[in-house]
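Peer 1: please work out how this folds:
(2 chains)
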Amino acid sequence: MENVELIFEDKRYEFPKSTKVEEVIKVLNTKRKKIIGIALNGNLLDFTNTIEESGEVELITLDDDRAAKFYRHTLSHVMAQAVLRIFGDRVKLGIGPTIENGFYYDFDIPEGIKDEDLPKIEQEMRKIVKENLKVERFELPKNEAIKLMKEKGQDYKIEIIEEIPDEKVSFYKQGEFIDLCRGPHAPSTGLVKHFKLLSVSGAYWRGDERNPMLYRIYGTAFANKEKLDEYLKFLEEAKKRDHRKLGPRLGLFFINTEVASGMPIFPPKGMAVFNELMAFSREMHKKYGFVEVMTPMIMNQKLWKQSGHWDHYKENMYFTEKENTTYAVKPMNCPGHILIYKSSTVSYRDLPIRLFEFGRVHRYERSGVLHGLLRVRSFIQDDSHTFCREDQIEDEVVRIVNLISDLYKVFGFEYRATLSTMPEDHMGDEKTWEKATNALKNVLDDINLQYDVAEGEGAFYGPKVDFHIKDVLGREWQCGTIQLDFLMPERFELTYVGSDNQEYRPVMIHTAKYGSLERFLGILIENFSGAFPLWIAPVQVKLLPIADRHVEYSKTIVKKLEDAGIRTEIDDRQRKTGYKIREAQLEKVPYMLIVGDREMEDKKVAVRLRNGKDIGEIAVDELIENLKKEINEKLRNSVFE
RNA sequence: GCCAGCGUAGCUCAAUUGGCAGAGCAACUCAUUCGUAAUGAGUAGGUUGAGGGUUCGAGUCCCUCCGCUGGCUCCA
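Peer 2: Residues are numbered from 1 along each chain as shown, chains lettered A, B, ... in the order given. Have a look, this model is predicted:
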C-alpha cells in the first residue's frame, strides 16, 4: 500500500495513504487541547478528511485564527439543526457559509422567522452544543445524493448538487442533522460554545430577485468568551462612530427625508470640510495635468440616447419635461465632456486631453439601499475624462492610479482594488471588451497593483478598476474608479487628426478619485470619528475666554488667526470654563485656546488639545506658525504631540 | 423594490392589562464672572410619522401609506 510522508514540527511520520486526519492527530499530538483540525501544505482539513498527499502539517487549535473557518461553519449547521427542530421538516435549507466575523444560514420557512424567534433558536443551539454531537462525514454518488435530498424534501440542495461537477458529493452529519457540505467542520458540536445570533433578514435564493426570498439568520462566533464580548463591544462602539449619528450632531450634514431622501444638505461646517476636500482634489488634478471644466445639470434626452444611457441606464435617471421636450438630469458627466471634446478639431498633438469636473450627478436608487452619505441619490464626483490614443492608455491609467494613491495616502486610507469585467447589460462587442479588459489588466500587472476580479461588474460602456475603502463596521464602499471606454467615442464619432492627416478614433478613460465626495466624507467621519485632521476640521481653533474681561483680548487673537487663514470661533458665553471645554471637545475642535488673567498678562494663550492634553502657554505667533505647518503639510496628528 | 424590525419635544429616552403625554440635555429669561469634560433658578417646547378603523376611551390594538435601521438586489 502507498504511504504518505508528513512533516510535523521537524519530525517525519509515515502513514498509509487515505488515513483519516483524526487518526493522524492521535499520533502527532501528545498534550495539546482543543484541536479543531489541521493544515496540510496550507490546506485546511478537519477530523473527517483523509490524508491524500505528503507534506508539512500544522495542528490548528481553537484559538488559531484559521479555526474560525471550522467552528463557524459547524455553528451554521448547529443553527440549521435548531431551526429544523423548532420549525419541523417543512423548512427547506438554502446555503449556510462562514463570513468575516461569523456565519449565516438561509431558510425557506412558510410562516417566516421573526426577531423574537432568535432567543428560542439560540437556546436550542446551546442544547445541541451541550449534546456534544460528533460531526461525521460521508460521500455519495450524485444520483444517490439527490435521492437522499428528495426524501428530505430539500429542493434547494438538489439544485446545488446538480451543479457540482464532481462524481461524488460530501455530506456532514451531527446527530439527526444531515447537510450537503464541503466542510471543514469542528470535530464535535461541543467545541463551539461562544456565539450569538445577530439578526434576521431577507435574502433572495442565489442572490436573484426573481427567485423566492429566503429568511437569513446572521450569527457571530469566536474561540472564547472574551473575544466574543470584545466583538460585541466593537459593534456597540462602531455605532457611536456612525457618520449618520455623528455628522448631523457635528453640523456637517443632514438629510430631510420627508422632502428629499438620499439628498444630503450641507450647513456651513459641512461645507467647510467639503471645500477643503475639493481644494485638495483640485490641486492634485492640476498637478497631474487635468484642466477643470463645468457642464449643465440638465440636458436634452437625445444626448443620453446617443451616449447609450437611455438604453442601459434609464432606470437610474431622473427626467423632466418642458415645451414638449424631455430632458435628463445628468447621472454622469461623460456626455458633457464629450461635447467639449467635439467643440474643436483635435490634433494628435493635443492628446491626451484631460478634462476634470466637480460634477453634481443625480441617480435614482431604490429606497431600500440608501445609507446616510454612503449611498445617496445626489452627489458630487471629482470626475474626469481622459481622451487619448490607444498607445497612451497605459501611461494615462498609471497617472490616475498615482493620483488616487497620492490622494488616499494623505488620509491614511487602505484600499482594495478590483477589476470589473463585462456585465450582462452592455454596449459593444466582446472583442472590444476583451481588448479593453486586457489593457487594464496589463497596466495593473505592470505596476504591481494587487486586485481581485469582479466578473460582470463593469460599467455598461467598459471594464473598470475600482478602489474600495472600509467604513467603521468593515463594510466596503467603492470610491475611486478608472473605466476604460472604446465605445462612447464610437457612438459620438469622436476623432482626432493623426500625423498622416487621417482621422482616428480616440479612447476615453472615465475616472473618479474620491469617487463621490459625499461618500468620501462619510467614510472620513467614521474613520476619524469626527475628529478630523486640522486641515479639514470645520472649526480649527476655538477661543475660550474665562471671564468677560478676557473677551476683548481673545477677539484680537481670533482676528490674528483668521488673518492667517485659520478657521476660528470664540465661545464668549457666560459659562464656566469646564463647560466650554466640554462642549468644544464634544465638537472635536482640534485646538482650544484658554485665555485668562495669566495669558493676558503674558500676551500668550493656553493650548489644550481635543484629546485632553494640556500643552501650556504659547505665544500667538508661535502657535500660528505651528498650526500653519500642520495645515499645509496636511498632518494627521497635532504638531504638539 | 423585497424580507424583518423600528417611528413619542431639537437630541436621548419614560408612560401598569387600552384610562389626564412625562424626564434629562439643548433652547429662551434671570442671577452668577467662574482656570482645563456639565453653576443655579425659572420659562417655553407635542395633532405621539400621516391617514383610516375597533372602543365609552388609543402613544398602546387592527389596516393603508410615508420614513428610518439591518440585510437582499443594485451601485460612486
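Peer 1: residue ranges with poor pLDDT in chain A?
Peer 2: Chain A contains residues with pLDDT under 70 at A:1, A:30.
Peer 1: point to the residue nearest the middle of chain A.
Peer 2: A:Glu476 (0.9 Å; CA atoms, centre = their mean).
Peer 1: to what extent is the nearest residue to A:Ala564 once chain neighbours are set aside buried, counted in neighbours?
Peer 2: Using CB to CB, 6 or more residues apart in numbering and skipping residues adjacent in sequence, the residue nearest A:Ala564 is A:Ile624, 4.8 Å away. Where C-beta positions appear, they are placed from N, C-alpha and C, glycine not excepted. Neighbour count for A:Ile624, taken as other CB atoms under 10 Å: 19.
Peer 1: same thing with A:Lys134?
Peer 2: With other CB under 10 Å as criterion, A:Lys134 counts 14.
Peer 1: now do stretch A:582-598: everything it contacts.
Peer 2: With CB atoms under 8 Å, 6 or more residues apart in numbering as the test, stretch A:582-598 has contacts from A:250, A:529-532, A:534, A:537, A:539-547, A:550, A:553-554, A:557, A:569, A:571, A:577, A:581, A:605-610, A:612, A:617, A:623, A:627, A:638.
Peer 1: from these, list the buried ones, please.
Peer 2: A:250, A:529-532, A:534, A:537, A:539-546, A:550, A:553-554, A:557, A:569, A:571, A:577, A:581, A:605-610, A:623, A:627, A:638 (16 or more other CB atoms under 10 Å).
Peer 1: in helices only, show me those.
Peer 2: Residues of the buried ones among the contacts of stretch A:582-598 located in helices (DSSP state H): A:553-554, A:557, A:577, A:581, A:623, A:627.
Peer 1: tell me, which of those make contact with RNA strand B?
Peer 2: Counting by CB under 7 Å from any atom of the strand, A:577, A:581 from these sit close to RNA strand B.
Peer 1: which one of the ones in helices among the buried ones among the contacts of stretch A:582-598 is nearest to A:Glu503?
Peer 2: A:Leu627 (55.5 Å; CB to CB).
Peer 1: which residues does the residue nearest to the centre of chain A contact?
Peer 2: Contacts for A:Glu476 (CB under 8 Å, 6+ apart) come out as A:416, A:468-470.
Peer 1: list buried residues within these.
Peer 2: A:468-470.
Peer 1: show me which of those residues is closest to RNA strand B.
Peer 2: A:His468 (7.9 Å; CB to the nearest atom of the strand).
Peer 1: show me what the closest one bridges to in the sheet.
Peer 2: Residues in a beta bridge with A:His468, per DSSP bridges, are A:Arg416, A:Gln478.
Peer 1: so it touches A:Tyr415, yeah?
Peer 2: Yes - shown here, A:His468 and A:Tyr415 form a contact pair, counting by CB atoms under 8 Å, at 6.0 Å.
Peer 1: between these two, what contacts are shared?
Peer 2: In contact with both A:His468 and A:Tyr415: A:Cys479, using CB under 8 Å, 6+ apart.
Peer 1: and stretch A:289-297, what's buried?
Peer 2: Buried positions in stretch A:289-297, judged by neighbour count with 16+ other CB under 10 Å: A:290, A:293, A:295.
Peer 1: stretch A:320-335 now?
Peer 2: Here stretch A:320-335 shows A:327-335 as buried, counting by 16+ other CB under 10 Å.
Peer 1: name the helix or strand for A:Ile158, please.
Peer 2: helix A:155-163 (DSSP states H and E).
Peer 1: just to be sure, A:Val200 is in a strand?
Peer 2: Yes - read with DSSP: H, G, I helix; E, B strand; the rest coil, A:Val200 is one of the residues of a strand.
Peer 1: now for it: which residues touch it?
Peer 2: A:113-115, A:117-118, A:215-218.
Peer 1: now these in TSV, with secondary structure, neighbour count and distance to A:Glu52?
Peer 2: Formatted as TSV, the contacts of A:Val200 follow (DSSP: H, G, I helix; E, B strand; the rest coil; neighbours: other CB atoms under 10 Å; distance: CB to CB, whole Å):
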residue	secondary structure	neighbour count	distance to A:Glu52
A:Ile113	coil	21	40
A:Lys114	coil	9	46
A:Asp115	helix	9	45
A:Asp117	helix	19	42
A:Leu118	helix	18	41
A:Tyr215	strand	21	38
A:Arg216	strand	19	35
A:Ile217	strand	25	35
A:Tyr218	strand	19	35
